[in-house]
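> Got a predicted model here, sequence first, then my questions.
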Amino acid sequence: MHSNWSELAASLAANLQLTQPAIAVAFVKDPPASLAAYPGKVPAGCSFWQKAAAGAFYTAPADHALCAVGSFTHNLPLSAAETGELQECLTIFDSLGYVQPADVPMIPVLERRPEYIVYAPLAETPVPPDVVLLFSDASQALFVSEAVQQVEKQVPPAMGRPACAVVSQVANTGKAALSLGCCGARAYVETFAPSLVLSALPGANLAAYVERLEVLAAANATLRKFHERRARQVAEGAAPTVQQTLVAISR
């Protein structure tokens, strides 16, 4: 396992041209002694993704209590009141045709029950992350998808609501996934702009994805120039060969 998380974070930021830091999420039995608990309350657990960009902290299950859906996907213990809130949410979702009863078993739920959850910028994480989150646009997510295909020999699933379930999906499977988000996450996470998707990578194999991303980012930069030049050549009436276009972009 790679332990230089700062180096991996720098590579991700540079090769994907990220505008937001990669976020590390770790499920732990005991939080690091040097780490402070998150102060205050948030409306949903996904809010911690944005809060973590400013520095590391840990949360306890009670810190997620205002979001029954997030507590459900993260397998956090629910009080009787919270269980009732979850059922009320599902009833309302069903009445809207948003989440039907048959959909619920297909929502990933974390297989283990965490005592605490650590959130941190990847560059500063005090513990190995279970999941690394990247806020990426379509072009950046393309690179991630290509890297995942080469590392895992399969394409990553693109998941919908709830966005928080992508964390459970990746933690459970050890495989990458993309989340197209949900209206809740986009409301609670201000930096989760409509143009962005959430790319989630398993922390245990992060170095392998980063290695491929470095190669793919460079390759895509060259190929982008190739296709742009080729489009101009054809628009000007030419019928260039691949070699002719390659020569043209090398000048």
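Thanks, I have the structure now.
> quick one: the helices in this structure?
5-16, 47-51, 68-73, 80-96, 138-152, 165-173, 183-188, 206-235, 242-250 (DSSP state H).
> weakest of those by average pLDDT?
Here the helices of the chain differ in mean pLDDT, and the lowest is helix 80-96 at a mean of 87.
> before we move on, back to that, tell me which of the helices of the chain sits nearest to residue 198.
Taking Cβ to Cβ, helix 165-173 is the member of the helices of the chain nearest to residue 198, at 6.0 Å. No exception for glycine: its C-beta is placed from N, CA and C like everyone else's.
> Can you list the buried residues in stretch 156-172?
For stretch 156-172, the neighbour count (16 or more other Cβ atoms under 10 Å) marks 156, 159, 161-172 as buried.
> ok, so of these, who is nearest residue 117?
Distances from residue 117 to the buried residues of stretch 156-172, taken by Cβ to Cβ, are shortest for residue 167, at 9.3 Å.
> Between the buried residues of stretch 156-172, which sits nearest residue 87?
Of the buried residues of stretch 156-172, the one sitting nearest to residue 87 (Cβ to Cβ) turns out to be residue 162, at 15.5 Å.
> backbone phi and psi for the closest one, please?
Residue 162 adopts backbone torsions of phi -80, psi 150, taken as degrees, to the nearest 10.
> Please report how far it lies from residue 80.
22 Å (Cβ to Cβ, to the nearest Å).
> what's near enough to touch the residue found closest to residue 48 once you drop the neighbours it is linked to in the chain?
Spatial nearest neighbour of residue 48, excluding adjacent residues (Cβ to Cβ, 6 or more residues apart in numbering): residue 119 at 4.8 Å. Counting by Cβ atoms under 8 Å, 6 or more residues apart in numbering, residue 119 makes contact with 23-25, 38, 48-49, 51-52, 56-59.
> if we go to 6 Å?
25, 48, 52 (Cβ atoms under 6 Å, 6 or more residues apart in numbering).
> Number of residues surrounding residue 53?
Using other Cβ atoms under 10 Å, residue 53 has 15 other residues around it.
> Can you verify my assumption that it contacts residue 21?
Yes. Using Cβ atoms under 6 Å, residue 53 is in contact with residue 21, at 5.2 Å.
> tell me the phi and psi of residue 153?
Per degrees, to the nearest 10, the backbone of residue 153 is at phi 60, psi 30.
> can you tell me how far it sits from residue 159?
20 Å.
> Could you do residue 79 as well?
28 Å.
> ditto for residue 235
With Cβ to Cβ as the criterion, residue 235 and residue 159 are 39 Å apart.
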